[in-house]
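Chemist: Fold the stuff below for me.
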Amino acid sequence: METPATPPYETKKYDSYSINEPYATMLSPPEFTMDWRPRKKSVPHRSPTDQGHDKSIAFQLDSDMVPKILYGTSLLWPLRQRVLKARSFKRVKPVKIQIPRPVQWSSPHLVSPKPTVRRKSSHSGRPSRIKGPCQACRETSDGCMRKAFHWPFPTDTEFNDKGKPFVYLCNKCGLRYNKSGGCVCRHCRWVLCKEEKRKAMQLIDSMRRFKPDGKIDPEDKIETFVCNPKYWPCGHTWKVGWILQSQNVEGDEDSLSDGTL
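Modeler: Residues are numbered from 1 along each chain as shown. Prediction:
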């Protein structure tokens, strides 16, 4: 049996139909053509006007941990607006005030009252006396004045306290006079302080060491001790008697620093 090289295939009807007839497509039903994939809901974009009313604030911390606002309104913006509004100058309109004038009228039936006479009240304290200027610096002082007993200069304004004469010194001169025991320059009336008197006593003791009998004359000048006032010039050398006489004067209770007026 011979096998043909090409098998004798039978020609079917639908083959000729598919060759000779044009290709026709069949439409699928609509339920098979719809896309069933999930779709995202469209979100409308914000308009520029809506972005302007956004009250969110974005800030960033720098290297020093200080917050810096990147965008958004400041937290203190409403407060700054209120402060600026309060500080703004508001011109006040001048208001004219009219004060009614009193009407002066007199009636013949009214009797004018007599002016009352005030009685002078008598003070129970001691009468005030003129203290005058300071006998040392010659300056007038309305404040505290101090008593100075055993004043070495003659004066017209001398007072007595229990039979003891005294003069008035100002607060500064009187305080130095009481502390130094009455050391006064006989040329310019400068009153030594306590430290200056201590320095003068040291110089007097050194002068006694050079004396053979250890005695010095009150009229001897103190070496290297020159009067140097604070408020006026002098330049005279102090004598020994001006210092030692103040040592021999008996102290009085009223001549202390507490004896002030």
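
Chemist: Show me where the stretch 101-250 of the chain has its strands.
Modeler: Along the stretch 101-250 of the chain, counting by DSSP state E, counting those that start in this stretch, strands occupy 145-149, 159-161, 164-170, 221-226, 237-239.

Chemist: Dump those strands into a markdown table; add mean neighbour count, distance to residue 65 and mean pLDDT as well.
Modeler: Glycine gets a C-beta too; all of them are placed from N, C-alpha and C. A markdown table is the format used below for these (neighbours: other CB atoms under 10 Å; distance: least, CB to CB, whole Å; pLDDT from 0 to 100):
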| stretch | mean neighbour count | distance to residue 65 | mean pLDDT |
| --- | --- | --- | --- |
| strand 145-149 | 22 | 67 | 87 |
| strand 159-161 | 12 | 78 | 84 |
| strand 164-170 | 20 | 65 | 87 |
| strand 221-226 | 14 | 70 | 87 |
| strand 237-239 | 18 | 74 | 89 |
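
Chemist: where exactly do the helices run in the stretch 151-261 of the chain?
Modeler: 171-180, 194-209, 240-248 (DSSP state H, counting those that start in this stretch).

Chemist: Need the winner for burial among those helices.
Modeler: helix 171-180 (a mean of 21; mean count of other CB atoms under 10 Å).

Chemist: quick one: low-confidence ranges for the stretch 151-261 of the chain?
Modeler: 246-261 (pLDDT under 70).

Chemist: circling back to that earlier point, among the helices of the stretch 151-261 of the chain, which comes closest to residue 84?
Modeler: Residue 84 sits nearest to helix 171-180 of all the helices of the stretch 151-261 of the chain, at 57.3 Å, using CB to CB.

Chemist: For that closest one, enumerate the helices and strands it packs against.
Modeler: Contacts defined by 3 or more CB pairs under 8 Å, 6 or more residues apart in numbering; DSSP states H and E place helix 171-180 against strand 145-149, helix 194-209.

Chemist: hang on, the earlier thing: now render the helices of the stretch 151-261 of the chain as JSON lines, adding distance to residue 143.
Modeler: As requested, the helices of the stretch 151-261 of the chain are exported to JSON lines (distance: least, CB to CB, whole Å):
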{"stretch": "helix 171-180", "distance to residue 143": "6"}
{"stretch": "helix 194-209", "distance to residue 143": "22"}
{"stretch": "helix 240-248", "distance to residue 143": "26"}
